[in-house]
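Requesting a structural model of the entry that follows:
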Amino acid sequence: MDKLHHYIHKIRNLLKMTFVRVLLFVLLGIIMYATMFSNVRPEKLELSLFSVAEQTIRSPVTIEDKESTEKKKKEAENQVEDVYVVKKEIAQNRVDLITSIFDTVSAVNEEAAEENEQASEKAKESEKDEKPKLVSLDEKLERTKSQLTEEVTKEISDSVLRTLLEASPNQLSIAKDVTITEINHVMQQRIPADGVENAKKRVQDQISLTSLNNTLKTAMVELGRYAIYQNEFYAPEETQEKRQTAVESVEPVKILQGQILVEQNQLISREVYRQLELVGMLDNENSIQPFIGLALVVLIILAATYYYFYELDKPQEVKQNFLLVYSIVFIISLLLMKGISYIQAFEYSDILYIFPAAMGSMLIKILISEKLALYYSVIIAICGSLIFNGSITGSFHVTAAIYITCSGIAGVLFLSKQNQRSKILQAGLLVSVVNILVILALLLLRNGQVDLVEYSFYMVSGFISAISAAVLTIGFLPFFEAGFGILSAMKLIELSSPNHPLLRKILTEAPGTYHHSVMVANLSDSACEAIGANGLLARVGCYYHDIGKTKRPQFFIENQINIDNPHDKLPPLTSKNIIIAHAQDGADLLRKHKMPKEIIDIAEQHHGTTLLKFFYYKAKESGVEVKEEDFRYPGPKAQTKESAVIGIADSVEAAVRSMSHPTPEQIDGLIRKIIADRLQDGQLNECDLTLKELEVVAKSFNETLNGIFHSRIEYPEMTNQKVTQA
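Next comes the predicted model:
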């Protein structure tokens, strides 16, 4: 362990150089890139057309199959039939045309009848015995044709018109109604170009069923056949619009990431071979895009990590220490994931559930901070989603990311109030419950068939993951604490145990000092918590800050019970040496027992370079020429908020204890005087305590001391009451 600490100390010293810190980030990036390199490298297969696949091949990417998409669009376009529209106005036009023919014939007949009647009247009135000149059929035919269009006269034979002209008005009316009705009935239906003849046949058949004479029916049939006309026409614009809609509705054909392209022992057809080429599994040249993508992921992670440590409100030496710890934990987790990803566990591919995801989170939570542990949980999950992507290179395993994140965060949260090493296993058990629930949820979300054996395997994996995380955390913790000199909350709790050998030594050899230390601890803990410093460190530091007094306990007033003060018989210089030595004696004793540096620093710094006023003035009164610096503690001055607060609390507690029935006003005045003296003497110049924080410290001391000494203060009312009762 000493050798390990020695090597780590060398590395920490090297980290003071900016170049080495940059080198550490570069090294971390290289390790990250190397562990995930194979998971983004496109898999290249040596396959030939019509060969047999030796393994099941899945697509490493999601990509559009444009050829299949175009084929599907063509099929959709071809499936759309030509659009034909019925022009309803044609039916009305044809009916109107035939109606006009019948009406023309009727009008001509009526006109001819009037003329013939007039001619007959003239003949009767004439003295000459002459026959009346009547309008002939040919003349009526000519009149009729003159009123009809040229198109009609060309298509309708003279015989038809003659027949109509010869028919009686009643017969003509019936013929008109029947013809118009049948024409209208047929023309209301679709009549494509190739259906005109069939429509004419239907009209002919219907007209033939009438009871009129055959000659008239023949004329009606010819008119009906003439009237039937195509009313359904091809609509190119509508057809194109419909086909375009069909094409646009076609979803792109995609080969999905993880999709099986060919099963093991299946023949590689032309279509399969084309798909393998499309997803890049047969290319002779490797694409550099996945490697650039991985490099960007690594750079983003490193940049985020650098930003966190850059913004961390800690001394540079502490930040360097934390960075080294974080890097080692991160690398251990990466290597663990990579090793687990190579394991083939029976037929189950999700061996990732056995990865102790909570280990790194719990270690960083204990050793550094909860915030960084939560950040780590997300970052390691991103890396895990790549490392555990199986045969689907370049993909992110979402299941792995969710599982690792949840497990890591659970480890952080369940340790949030656990400051004892023995509680890590308890946290591990709670994490196992979270692991099992997350695994169960992920399996159910697949909506697939999972047998009981598979369920059991995954659940056991989640349990092993959590327990192994707890065990590894307990195992690694002492090495990090000793090797890096990190004083964790758990270590502080252990050091605060009354059963600790050094605390027992104080209690048995210097009980007054022990009681004084506990009182100072109460003051310092509350004050440090109030200003955002480490209250637990302050409390434990107080327990040990005066351990140097155990070397000569009877020379310190708190241990002088029922004995004379030995300083009364000693010269001031000798007394000074004994009193001042306790700080260095304590630091030496703590170093001998390999106590944490922070505790040793508190023992050395809590008096700073303050003046031992009592013996200094006593020496001056004796007439001996003395120098003030000879009666000052050797220091160093307080370097941290905790050391500074403890130094003030140490003086305040001793001063208040020496007062008889102190009032709240006296306590407040004493506290502020001691703080002012420390400021004026420059004892707080080397720590980052602000004046605002010193005010908070003063108020905290007041509250604590008034709570302690309140019961000792006798008020006049209480005294009078006691007298009366007596």
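
just for this protein, where's the confidence low?
1-20, 42-46, 126-130, 132, 283-287, 344-350, 390-395, 416-421, 447-450, 709-726 (pLDDT under 70).

report the longest helix in it, please.
helix 88-125 (DSSP state H).

looking at this, residue 48 is in a strand?
No - according to DSSP: H, G, I helix; E, B strand; the rest coil, residue 48 belongs to no strand; its state is coil.

Look up the closest residue to it, ignoring the ones flanking it.
residue 268 (7.5 Å; Cβ to Cβ, 6 or more residues apart in numbering). Any C-beta I mention is one placed from the backbone N, CA and C, and that applies to glycine too.

how many neighbours does that neighbour have?
Neighbour count for residue 268, taken as other Cβ atoms under 10 Å: 20.

Identify the residues contacting it.
47-53, 262, 276 (Cβ atoms under 8 Å, 6 or more residues apart in numbering).

Let me know the closest of those residues to residue 67.
Nearest to residue 67 among these: residue 276, at 13.4 Å, using Cβ to Cβ.

For the one helix or strand that closest one maps to, what is the distance to the chain centroid?
Here residue 276 sits within helix 270-278, counting by DSSP states H and E. Offset of helix 270-278 from its chain centre (Cα atoms, centre = their mean, to the nearest Å): 35 Å.

who does it touch, helix- and strand-wise?
Counting contacts by 3 or more Cβ pairs under 8 Å, 6 or more residues apart in numbering; DSSP states H and E, helix 270-278 is packed against strand 260-262.

so where do the strands sit in this protein?
57-58, 63-64, 84-86, 232-234, 254-255, 260-262 (DSSP state E).

Direction included, what does the fifth one pair against?
Sheet pairing of strand 254-255 (DSSP bridges) gives strand 63-64 (antiparallel).

Equivalent analysis for the third one, please.
Taking DSSP bridges as the criterion, strand 84-86 forms sheet pairs with strand 232-234 (antiparallel).

So the closest residue to residue 586 other than its chain neighbours versus residue 37, what's the distance?
Closest residue in space to residue 586, ignoring its immediate chain neighbours: residue 548 at 2.9 Å, by Cβ to Cβ, 6+ apart. Here the criterion is Cβ to Cβ, to the nearest Å. By it, residue 548 lies 56 Å from residue 37.

and what of residue 267?
Distance from residue 267 to residue 37, by Cβ to Cβ: 33 Å.

Might you report the residue contacts of the residue lying closest to residue 600 once chain neighbours are set aside?
Nearest non-adjacent residue to residue 600, counting by Cβ to Cβ, 6+ apart: residue 590, 4.7 Å away. By Cβ under 8 Å, 6+ apart, residue 590 lies in contact with 502, 544, 547, 599-600, 603.

and with 6 Å instead?
599-600, 603 (Cβ atoms under 6 Å, 6 or more residues apart in numbering).

on that earlier part again, list the buried residues for the helix holding residue 276?
Neighbour counts over helix 270-278 (16 or more other Cβ atoms under 10 Å) mark 272-273, 275-276, 278 as buried.

who's in contact with that helix?
With Cβ under 6 Å, 6+ apart, helix 270-278 has contacts from 49, 261-262, 282.

ok, now stretch 599-606?
Counting by Cβ under 6 Å, 6+ apart, 541, 544-545, 583, 586-587, 590, 636, 638, 643, 646-647, 650 sit against stretch 599-606.

Name the nearest of the residues you listed relative to residue 526.
Closest to residue 526, out of all of the contacts of stretch 599-606 and judged by Cβ to Cβ, is residue 646, at 12.2 Å.

Just list the residues touching that closest one, thanks.
By Cβ under 6 Å, 6+ apart, the neighbours of residue 646 are 524, 538, 541-542, 602, 606.

any idea how far it is from residue 705?
Counting by Cβ to Cβ, the gap from residue 646 to residue 705 is 15 Å.

ok, how many other residues are close to the spatially closest residue to residue 163 that is not a sequence neighbour?
In space, and not counting its chain neighbours, residue 163 is closest to residue 219: 4.0 Å by Cβ to Cβ, 6+ apart. Neighbour count of residue 219, defined by other Cβ under 10 Å: 25.

List the residues that contact residue 219.
160, 163-164.

One more pass at 8 Å, please.
With Cβ under 8 Å, 6+ apart, residue 219 has these contacts: 159-160, 163-164, 175.

Of those - the most surrounded one?
Result: residue 164 is most packed of the contacts of residue 219 (other Cβ under 10 Å), 26 neighbours.

do you know how far the nearest residue to that one once chain neighbours are set aside is from residue 586?
Once flanking residues are discounted, residue 164 sits nearest to residue 105: 4.4 Å by Cβ to Cβ, 6+ apart. Distance, residue 105 to residue 586, by Cβ to Cβ: 139 Å.

now residue 554
From residue 554 over to residue 586 the distance is 16 Å, taken as Cβ to Cβ.

do the same with residue 162
Counting by Cβ to Cβ - residue 162 and residue 586 are separated by 145 Å.

what do you get for residue 182?
126 Å.

cool, residue 173 as well?
137 Å.

next one: residue 110
Taken as Cβ to Cβ, the span from residue 110 to residue 586 is 144 Å.

Next: residue 533.
For residue 533 relative to residue 586 (Cβ to Cβ), the value is 21 Å.

When the two are compared, which one has more neighbours?
Taking neighbours as other Cβ under 10 Å, residue 533 and residue 586 compare with residue 586 leading, 26 against 22.

before we move on, back to that, any buried residues in the longest helix of the chain, and which?
90-91, 94-95, 97-98, 101-102, 104-106, 108-109, 112, 115.

which one of those residues is nearest residue 620?
For the buried residues of helix 88-125, the nearest to residue 620 is residue 90 (133.3 Å; Cβ to Cβ).

That closest one and residue 231 touch, don't they?
Yes - shown here, residue 90 and residue 231 form a contact pair, counting by Cβ atoms under 8 Å, at 4.4 Å.

Now for those two: what residues contact both?
residue 187.

Now do the nearest residue to residue 353 once chain neighbours are set aside against residue 467, distance only.
Distance criterion Cβ to Cβ, 6+ apart; nearest residue to residue 353, sequence neighbours excluded, is residue 461 at 3.8 Å. Using Cβ to Cβ, residue 461 is found at 11 Å from residue 467.

Overlap in contacts, the two.
With Cβ under 8 Å, 6+ apart, residue 461 and residue 467 have no common neighbours.

that older thread, among the contacts of helix 270-278, which pair sits farthest apart?
Most distant of these, by Cβ to Cβ, are 49 and 261, 14.0 Å apart.

Helices of the stretch 451-600 of the chain, residue ranges please.
452-484, 489-495, 501-509, 511-530, 535-545, 572-592, 597-605 (DSSP state H, counting those that start in this stretch).

In the last one, which residues are buried?
Using 16+ other Cβ under 10 Å as the burial criterion, the residues of helix 597-605 that qualify are 598-605.

before we move on, what about stretch 465-479?
Result for stretch 465-479 [16+ other Cβ under 10 Å]: buried residues 465-470, 472-474, 476-477.

Please apply the same query to stretch 26-36.
Result for stretch 26-36 [16+ other Cβ under 10 Å]: buried residues 28-29, 31-33, 35-36.

ok so, going back, farthest pair within the contacts of residue 268?
The distance between the two most remote of those (Cβ to Cβ) is 13.8 Å, for 52 and 276.

returning to that earlier point: can you pull the phi and psi angles for the residue nearest to residue 48?
phi -90, psi 100 (degrees, to the nearest 10).

Next: residue 368.
Main-chain dihedrals, residue 368, degrees, to the nearest 10: phi -120, psi -80.

what's the spacing between residue 579 and residue 552?
Counting by Cβ to Cβ, the gap from residue 579 to residue 552 is 9 Å.

meant to ask about residue 80
For residue 80 relative to residue 552 (Cβ to Cβ), the value is 106 Å.

And residue 261, by the same measure?
From residue 261 across to residue 552, the span is 84 Å (Cβ to Cβ).
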